[in-house]
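Q: with the input below, show me the fold.
(2 chains)
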Amino acid sequence: MSANDINDYIQPLNGYFSDKLGQEARVTQLNRLAEGHSREMLHCFVETDDQQLQYVLRVEQDGIFGTSSAEEFRIMGALHKLDFPVARVLWLETGKDLLGEPFFVMEYVDGEPEFPVGETLNEFLSVLSRLHNLDWQKAGIEFDLKPSNVNEATHMQIDRWANIYRSASSLPIPLLEEGAAWLHHHAPTDGPFGIVHGDPGPGNLVHQNGKILALTDFEFCHLGHPFEDFVFCADMRGPRSLPTEGWIELYSDQLGVRLTEEEWHYWQIFNLFKGACANTTSLTVFCGGKNPAPNLAIVGTAIHQSFLRQLSGLIG
Amino acid sequence: MSDQRLPTDNDLWHCMSETMRSVILPTIDDPWAKIALIRLIGLAEYAPRRGDDPTKQRTRDLAGCVDALVAKFKPLQQTLPADWPGEGATTVLDFCSKLLTDAVGDDSAQSQAVRDELKPLLLRQLDEELAVTSPLIVSFAGGLNERK
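A: Here you go, the predicted model:
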C-alpha cells in the first residue's frame, strides 16, 4: 500500500479499532497530519456508539531510513511513564497484514500549527535538555544499541548509518566511506552521554500557549552525545524558527552549553553523514517500485547528493 | 533529421510538465496533492536533462586516476584487486573507497596525493550530478523552478 491511497486503510482500521476498543468502532475520517518520508502520520477520527475519539497512526514505509517502529514505540512508552512530554502510545503492530506495513497508534495531541518562536523555544530547550539528562537506566528504557559510553555510542552510530547505506545502495559511495572513516577517526573520546532525540526541532514538536505538549518523531532516538541534537536542531530543523546563530546564543544563555569550533564541525559532519546514508534507502524503495512517490525520488537523488557534497566539503 | 511523425521523449516530458504546470496545478487546493504535483513537475523536468548514464565514463576516469596514483606510489600495486579494474563499477568504487578511507588521518605523500587527485575527481563527478539534480531541491521544498 503506497502513501497515496490512505483511504484504503479505513476498512481494515474499522475492524482494528473495534477489536482494540471492545466495541463497534468506525473510522470517520483519516487525514495526513504531517509529511513524513519514512513514516506516514495519519490523524484518525474514530466513532463508537458513545464516543468520538482521535488517534495518530504512525505507519512505516517500506523500511525507509532503516529505523524500527518497535524501538520507537518502546522508547515513547517509557518516556511517557516518566511524565516526559510525549504522546501516549497505545498499540503496536509489527506485522504487515493489516496495513501492509508495521505501525503504531498513539493518542492525538492538539497544538498550534505554526512553528514555535520566542519563549516557546526556551521551553523546548528545557525539554530537550531534560531528555538528554534522563537516567535511562533507572527508568528501564531499552535501546536496540547499548553502548556503555559516548565514544562507543558514536562509533556504533557511525557503523549503524554506514551499514544502512551499504545495504541500500547497489554501488559503494567512496565519499560516504571517507565520511565514515573521518568520523571514526575524530570521534569524541569523552563528553556527555545520554538520550539523543536524533531529529529535534520545529516540526517535530507540539506546542500550545508557550508550552511543549509533546516531542514527536522518535525514530532516530538513541544513546549518544547530546551535541548531535544541538547541532542538528540549529543547522537543520531550527532555522524555521530562528537562525542558527540564534540557537547558538540560546544554548549558551539558557543551558550554558558552548560548543568549540571543532565540536560544531564534527557534529555537522556527523548529521550530514547520517542524512546522506539514510537518504539512500528512499531510492531503493522508489526504484524497486514499492512506493513510486515523487518525494522518495528526490530524497534519494538531489537531497542525498547535496548532503554528501556538504559533508565532503566540510571534511576538506 | 529526426522522424517528425513521432514525438521525442523530450517532447513528451515537456508536454507533461507544461500541462501539469498550467492546467492541473492551478486547480488543486489540497496541500498534499499540490506539493506532490510540484515535485512531479520537478521530476518531469529533470528526466530529459539527465542525458545518458555517465557511470561507465566516470568509472573509466576514476580507474585512470587510480592507475596514475599506482604509477607514482609503487606499494599501491600490491593492494590493487586481482581483477582490477573489473567489470562494472563496483571494483573501482570499492578501491577508491579504500584509498580515501586509508588516507584519513594519514599525512604520508601517498595519502596526500589521494586527497589531491582522487577526491577532487570524485567531487567533480558529484558536482556534475548535482548540476542536473539540484533544481529538484527547489521542487522538494514546494517551489516551481523557472522554465528552461
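
Q: neighbours around residue B:50, how many?
A: 12 (other CB atoms under 10 Å in any protein chain shown). Every C-beta, even on glycine, is put in place using the N, C-alpha and C of the backbone.

Q: tell me which element the closest residue to it other than its chain neighbours is part of?
A: Once flanking residues are discounted, residue B:50 sits nearest to residue B:132: 6.0 Å by CB to CB, 6 or more residues apart in numbering or on different chains. Per DSSP states H and E, residue B:132 falls inside helix B:119-133.

Q: what packs against that helix?
A: Helices and strands touching helix B:119-133, by 3 or more CB pairs under 8 Å, 6 or more residues apart in numbering or on different chains; DSSP states H and E, are helix A:174-185, helix A:304-315, helix B:55-72, helix B:90-103.

Q: out of those, the one nearest residue A:88 is which?
A: Within those, the stretch nearest residue A:88 is helix A:304-315; the backing value is 33.9 Å (CB to CB).

Q: now do the helix holding residue B:132, average pLDDT.
A: Across helix B:119-133, pLDDT averages out at 98.

Q: would you turn the helices and strands packed on helix B:119-133 into JSON lines with mean pLDDT?
A: Formatted as JSON lines, the helices and strands packed on helix B:119-133 follow (pLDDT from 0 to 100):
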{"stretch": "helix A:174-185", "mean pLDDT": "98"}
{"stretch": "helix A:304-315", "mean pLDDT": "97"}
{"stretch": "helix B:55-72", "mean pLDDT": "97"}
{"stretch": "helix B:90-103", "mean pLDDT": "98"}
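
Q: chain A contacts on chain B?
A: By CB under 8 Å from any CB of the partner chain, the residues of chain B that approach chain A are B:32, B:35-36, B:39-40, B:42-43, B:89-90, B:93-94, B:96-97, B:99-101, B:103-105, B:119, B:122-123, B:126-127, B:129-130, B:133-137, B:139-140.

Q: what does the stretch 51-200 of chain A put close to chain B?
A: For the stretch 51-200 of chain A, the contact set with chain B under CB under 8 Å from any CB comprises A:171, A:172, A:173, A:174, A:175, A:177, A:178, A:180, A:181, A:182, A:185.

Q: name the member of the residues you listed with the most neighbours.
A: For those, neighbours tallied by other CB under 10 Å; top is residue A:178, 27 neighbours.

Q: now for the nearest residue in space to that residue that is not next to it in sequence, how many residues are close by?
A: Once flanking residues are discounted, residue A:178 sits nearest to residue B:100: 4.0 Å by CB to CB, 6+ apart. Neighbour count of residue B:100, defined by other CB under 10 Å: 25.

Q: just the pLDDT for residue A:33.
A: 83.

Q: and residue A:2, by the same measure?
A: Note on residue A:2: pLDDT of 47.

Q: then residue B:51?
A: So residue B:51 comes in at 89 (pLDDT).

Q: I'd like the helices and strands packed on helix B:119-133 laid out as a markdown table, including distance to residue B:82.
A: Converted to a markdown table, those look like this (distance: least, CB to CB, whole Å):
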| stretch | distance to residue B:82 |
| --- | --- |
| helix A:174-185 | 20 |
| helix A:304-315 | 30 |
| helix B:55-72 | 14 |
| helix B:90-103 | 10 |
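
Q: ok, which of these comes nearest residue A:206?
A: Closest of these to residue A:206 is helix A:304-315, at 27.2 Å (criterion: CB to CB).

Q: no further queries at this time; thank you.
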